[in-house]
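Undergrad: A structural model of the following input is requested.
(3 chains)
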Amino acid sequence: MLQPKTRLQIQTLLLSWFDENQRPLPWREKYRPYEIWISEIMLQQTQVKTMLPYFRRWMERFPDVQSIADAREDEVLKHWEGLGYYSRAVNIRRTAEIIVRHHGGTFPKAHSTILGMPGIGPYTAGAISSIAFNEDRPLVDGNVERILARLFNLDTPVEEKNTRKFIWNTAEELIPAGRARQFNQALMDLGATVCLPRRPACEKCPLNGLCESRRMGTADRRPVTNRRKDIASIEVAVGILHHRGRVLIQKRPASGLMPNLWEFPGGKIHPGESPEQALIREFREELELEVRCRERLASIRHNYTSFRVLLHAFLCRPADSRPRPVLRSAVEARWVVVEELDQYAFPAANRKLIDLVSGRKPAAARNHRPEPRNDDAEDGANVVLLKK
DNA sequence: AACCCGGGGGC
DNA sequence: GCCCCAGGGTT
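TA: Numbering: from 1, shown residues only, chains lettered A, B, ... in the order given. Here you go, the predicted structure:
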């Protein structure tokens, strides 16, 4: 399919571009398989800039595979809090246990073994094989899709099977023997810094003389992709149930949305229901607790990827003098003092609420972010303080 | 093949 | 707002 001459040109141009332009990243210092693995999982659907602080913090706490296998799942999740796609953290732990048990604690080298691990699919297996072990294996992610769709001016949606197949085959053909580590990372860096999703910097691209979509003027319309479906809005009520200096939190199920994270009890407001009525109903359904709503603490807006939520938070008191939560839909419930809340992993909207009621700035509680973000004002605008 | 999972960046 | 990001798992 690909002309040998063209292939050699692409290889040569990309490798020398990478030599001069690669980004300095922590896992590129030693190419330890363990670090490559963790970085690749963290980078799934997550930008380098976002995951970098998490990666550094992770390596301090979990320097090797064994340390993960020895840790409690809650602590692993706590280090993942805020990164999203929480099943990634659970899968890391499962994989760590497999590696300790069956591979003597060191990361296995065989591609077929790597591919079978929890949370490791075709892309990540290719990435670990090529980047950690420098084996001649292809990898295809959003960057490679975009670069090849532009280079060859592909006009069929990349979601289609045949298009995917062409891209994987081409990615494999292009690998220069013995240099997959450099070549595949060159594709990543080119996609992240030059061949951008919008407004690609073609004038800086080492492949611009070979790029078919640039020649045709279609670069900004590649890759062709299917439309996404629109997102829903929901309204929920949550209760901070106070009793004898403690508040009640509960753990979410291990499957579904935001698995294993902790949250304040509550739930969706049904049509025709007031937030207070919904809250009283949810406490009954989930915990068999009778509560009274006191003041409304705040209404918080948060945009998740696939839905928006408007969360009404209330301060509640138990109707009973000795409240005993009974686990129904909740997995676990605990009475904790406010200072302990930071030890638990919460969904983002709950975390906003905690920051608010503990009188902190929104960014401050994200203790794993070394530098506070500069968008406090914007976060604050999402929080309506109805009563002090 | 179509969904589901999430937070953030950047325009 | 909207699209995208070093995707994988489930149905």
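
Undergrad: the closest residue to DNA strand C within chain A - nearest residue in space that isn't next to it in sequence?
TA: Chain A approaches DNA strand C most closely through residue A:121 (2.7 Å), counting by Cβ to the nearest atom of the strand. Heads up, the C-betas are built off the backbone N, CA and C, glycines and all. Nearest non-adjacent residue to residue A:121, counting by Cβ to Cβ, 6 or more residues apart in numbering: residue A:115, 7.5 Å away.

Undergrad: hmm, the one you found is touching residue A:125, no?
TA: Yes: counting by Cβ atoms under 8 Å, residue A:125 is a contact partner of residue A:115 at 4.0 Å.

Undergrad: higher neighbour count, the two?
TA: residue A:125 (20 against 15; other Cβ atoms under 10 Å).

Undergrad: correct me if wrong, but that one is in a strand.
TA: No: using DSSP: H, G, I helix; E, B strand; the rest coil, the assignment for residue A:125 is helix, not a strand.

Undergrad: quick one, what contacts it?
TA: Neighbour list for residue A:125: A:111, A:114, A:115, A:137 [criterion: Cβ atoms under 8 Å, 6 or more residues apart in numbering].

Undergrad: can you rerun that using 7 Å?
TA: By Cβ atoms under 7 Å, 6 or more residues apart in numbering, the contact set of residue A:125 is A:111, A:114, A:115.

Undergrad: quickly note the distance from it to DNA strand B.
TA: Applying Cβ to the nearest atom of the strand, to the nearest Å, the value for residue A:125 to DNA strand B is 17 Å.

Undergrad: just the pLDDT for the residue nearest to residue A:121.
TA: On pLDDT, residue A:115 comes in at 94.

Undergrad: likewise residue A:345?
TA: Here, the pLDDT recorded for residue A:345 equals 90.

Undergrad: closest point of the stretch 1-150 of chain A to DNA strand B, which residue?
TA: Across the stretch 1-150 of chain A, no residue is closer to DNA strand B than residue A:84, which sits at 2.7 Å (Cβ to the nearest atom of the strand).

Undergrad: surely residue A:245 and residue A:337 touch.
TA: Yes: taking contacts as Cβ atoms under 7 Å, residue A:245 lies within contact range of residue A:337: 6.3 Å.

Undergrad: would you map the strands across the stretch 101-250 of chain A?
TA: A:232-243, A:246-251 (DSSP state E, counting those that start in this stretch).

Undergrad: for these, which one sits closest to residue A:56?
TA: Residue A:56 sits nearest to strand A:246-251 of all the strands of the stretch 101-250 of chain A, at 27.9 Å, using Cβ to Cβ.

Undergrad: for the closest one, which strands pair with it and how are they oriented?
TA: Strand pairing for strand A:246-251, determined by DSSP bridges: strand A:232-243 (antiparallel), strand A:262-263 (antiparallel), strand A:332-336 (antiparallel).

Undergrad: what does the last one rub up against?
TA: Outside of strand A:332-336, the residues within contact range by Cβ under 7 Å, 6+ apart are A:246, A:247, A:248, A:249, A:250, A:251, A:287, A:325, A:327.
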